[in-house]
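# Kindly return the folded structure for what I paste below:
(chains A and B)
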Amino acid sequence: MLQKKICMLGAFGVGKTSLVRRFVDTIFSDNYLTTVGVKLDKKTLAVGAETVNLILWDIAGEDDTSAVRTTYLRGSAGYLLVADGTRASTLDVACSIHSRAEAEIGRVPFMLLVNKCDLRSEWAIPESRLDELAALGWTIRPTSAKTGESVEAAFQEFAERAVR
Amino acid sequence: MLANLLLEVARSVDHEVAAQLPSALDTDPRVEALRHILLEPEQAALASLKEKFDDPDQFAAAVSAVLPAAIARAISHDDRLGHELTPVVETATQSSIRRDPRTLINILAPLMGPAIRKSVAETMDSSLQSLNQALKHSLSWQGLKWRMEAYRTGTSFAEVVLRHTLVFRVEHVFLIHRKTGLMLEHVAADQVSAKDPQLVSGMLSAIQDFVRDSFDESALGGIDTLRLGEFLLWCEEGPLAFLAAVIRGNPPENLHGVLREALDSIHDEDRTALENFDGDVAAFANVRARLERCLAQQEAPIDQGTTPFLWLIPLALLCGGAYWLVQRHLDGSAFEDYVRRLQAEPGIVVTGFERRDGMWHLTGLRDPLAADPTELLGAWHVEPERISGNWEPYQALHPAIALKRIQATLKPPSTVNFALDGDTIRATGTAPRRWIEKARTLASVLPPGSAHLDLSALGDVQQGELERLRDAIQARPVFFGYGDALPVPGQETIIEAQAAELRELAAASKKLGVTVRATLIGHADSTGKDAPNLGLSLARAEAVRSLLRKQGVDPELLAVRGAGPLEPLAPGASEQDRSLNRRVSFTVSILD
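Below is the predicted model of the structure:
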């Protein structure tokens, strides 16, 4: 059995917690996010013949007053950056966190999830911006915490990359 | 040249030649030149070595180059080097301390500081623990009990409290990879349910990070101890992994040592696996046994404050009380039964009874002829010695007692039977006439209201069998010849008949309780003088008595008398009359 520590990072209110809520096992309440600044969830997936437990560290969202505690990133096998498609600023935050994360733990697999793809018409992030990031080697997946669209597939894909 | 060469050969072959002839080689400069040509490299090497050995600096440089390798090899062989160096190192250390102690202090400070701090902290912890427990329990009921125990055993109250409360159980032990926060192994005590241990491990790790991050990033450890209600979380930090133990109760401080030891041994044996951990926990399959050793527990001491035997005392008292009550009730009801029986007994009147000092006291009237109250106890469960009776004598008119009184007064012969018929006592059977007359007298003076004595069915014994026998015996005299003292021949049948009826008479009189007496009266005829005739008549009576005795008649029954010629049967003087007068006659008297 494999275990992998994966962090969920992003600006405040992008839907990190909602994104995982429907797909994971947890024993902790969301209160931990506001108290300790992190909440753990577990997602069990099969990668090939191997069972992989992704231990998801849902780290409190970053806002104007508090930065992500990068201490929590240590030992991560990878991280998921989450942005809100309807708020362009959240992508900037995701980029900022990415650079700090890379500085803290080095290059590890990561993936950008652009949430709220069910509200595609309201997206404020230009496609060109995403294309630029994709050109830099970023893996970007649009997801919807509301409908669950692409979430499972994104986790599966990320797990495979993290195990590899 | 050739001769010289031959001479050298001879010298080297034969020692005597060598002794006699000096060698030409020593003086030959060519030999030296040849030697130089042949041995130049070796000579240079030897010279260099010699120089190295001779010059201390060079020799030291050479030894220092191989010293580490030499020491390593020596250590790998055996412990001799260590033993040899020990005194040297000791001396060196001592001289170093003497010269400048600060050097050693500087070396040890980073080690000793945390060690001392930790030791002091743990000691303080332990003291505080006992102090807290002592305060917590000082005012409770249990606390008072423990205070008594401390006083009794001469130990401090804190010690007693600690002893009683030092009960714990390690319920979970998590081994957590420090860097990733991933769970390497988890063990739980029996029958303890665990929420997802992988998530718990991660969260513990996150909390450790949080604390470190928030307060002191340089600290090696994070939270040492966390208490939540009766649960205690103890963390032992290592460089690569940490142990988190979830403990219920109050563990002893030495449990830290147990956890520490387990963590250290895991670090020692699985260091590589810990360093290279990438999420695959298969490499840590062997640590489980070591973690299980940490699942210590101490059972709560069995409360022996009250032994089960102490409960037996009130129980026994209760049983005893119940038994006493039941016994008392049974005793009371048994006695009441007895009193009822006494009341029903003729001639006894119970006027009162009471229980005093475990004794039953009875008072009442009792006819002396009534039954003995003690004998009436019979199967009743009242011991005779527990009853004292105060009986006033009186005369009862009850027919049963009246009958007893009549019997006691009249002493009836066995031929008389009495029967009670209501208020009438009826006498049946036979009795001598005089007894019957006595009974009639008594019956006439019985007090009014008393039972009536009916004697009408009683037969007079004299009218019966005895009189018939008497008449028969008296009617049968035995006759004698002239001057004979023995009966005339042919009288044997009469004797036999008389004997038979006399025996019958004796039996009948005995049966009736009547005394009878048969008198044999001898007679003589008027011939001759009176005096010899008197003797003859007595002899005749004796002879008959003797014959009757032979026939089995009781001699006590028989009296003899001689009448001579004075009581003739026939008054005439004829031979017939005289022969009738020569006889023995019988008189049977029935006495009362």
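# who's in contact with A:Gly85?
Contacts for A:Gly85 were tallied using CB atoms under 8 Å, 6 or more residues apart in numbering or on different chains; they are A:114-117, A:119-120, A:122-125, A:142. All C-beta atoms are positioned from the backbone trio N, CA, C, and that covers glycine.
# Please tell me how far it sits from chain B.
Between A:Gly85 and chain B the computed distance is 29 Å (CB to the nearest CB, to the nearest Å).
# what's the nearest residue to that residue if we skip its chain neighbours?
Nearest non-adjacent residue to A:Gly85, counting by CB to CB, 6 or more residues apart in numbering or on different chains: A:Trp123, 4.3 Å away.
# Chain B versus that neighbour, what's the distance?
Relative to chain B, and taking CB to the nearest CB, A:Trp123 is found at 33 Å.
# Quick check, that residue in contact with A:Thr86.
Yes - the pair A:Trp123 and A:Thr86 passes the contact test of CB atoms under 8 Å, sitting 6.0 Å apart.
# Would you list the phi and psi of whatever residue of chain A ends up closest to chain B?
Nearest to chain B in chain A, going by CB to the nearest CB, is A:Gly75, at a distance of 3.2 Å. A:Gly75 adopts backbone torsions of phi 80, psi 10, taken as degrees, to the nearest 10.
# same deal with the one 3 residues further on?
In terms of degrees, to the nearest 10, the main-chain angles of A:Gly78 are phi 170, psi 170.
# give the contact list for it.
Here A:Gly78 is in contact with A:4, A:6-7, A:108-111, A:158, A:161-162 (CB under 8 Å, 6+ apart).
# biggest separation within the residues you listed, which pair?
Using CB to CB, these span at most 14.4 Å, a distance reached by A:Cys7 and A:Arg161.
# okay, the two: which has more neighbours?
Between A:Cys7 and A:Arg161, counting by other CB atoms under 10 Å in any protein chain shown, A:Cys7 is the more crowded of the two (28 against 16).
# what about the closest residue to the more buried one other than its chain neighbours, how many neighbours?
Leaving aside its chain neighbours, A:Cys7 sits nearest to A:Tyr79 (4.1 Å; criterion: CB to CB, 6+ apart). A:Tyr79 sits with 27 neighbouring residues when counted by other CB under 10 Å.
# in chain A, which spans are helices?
With DSSP state H, the ranges of helices along chain A come out as A:16-21, A:31-35, A:88-105, A:127-135, A:151-163.
# what would these look like in a markdown table with mean pLDDT and distance to chain B?
Below are those laid out as a markdown table (pLDDT from 0 to 100; distance: least, CB to the nearest CB, whole Å):
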| stretch | mean pLDDT | distance to chain B |
| --- | --- | --- |
| helix A:16-21 | 82 | 13 |
| helix A:31-35 | 68 | 7 |
| helix A:88-105 | 90 | 10 |
| helix A:127-135 | 91 | 27 |
| helix A:151-163 | 89 | 8 |
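# Which stretch among those helices is buried most, on average?
With neighbours defined as mean count of other CB atoms under 10 Å in any protein chain shown, the helices of chain A peak in mean count at helix A:16-21, which reaches a mean of 21.
# can you list contacts of that helix?
A:8-10, A:30, A:33, A:39, A:41, A:43, A:56, A:58, A:61, A:82, A:113, A:115, A:143, A:145-146, A:151.
# let's see 10 Å
Residues from elsewhere that reach helix A:16-21 (CB atoms under 10 Å, 6 or more residues apart in numbering or on different chains): A:7-10, A:15, A:26, A:30, A:33, A:39, A:41-43, A:54, A:56, A:58-61, A:80-84, A:113, A:115-116, A:143-146, A:148, A:151, A:154-155.
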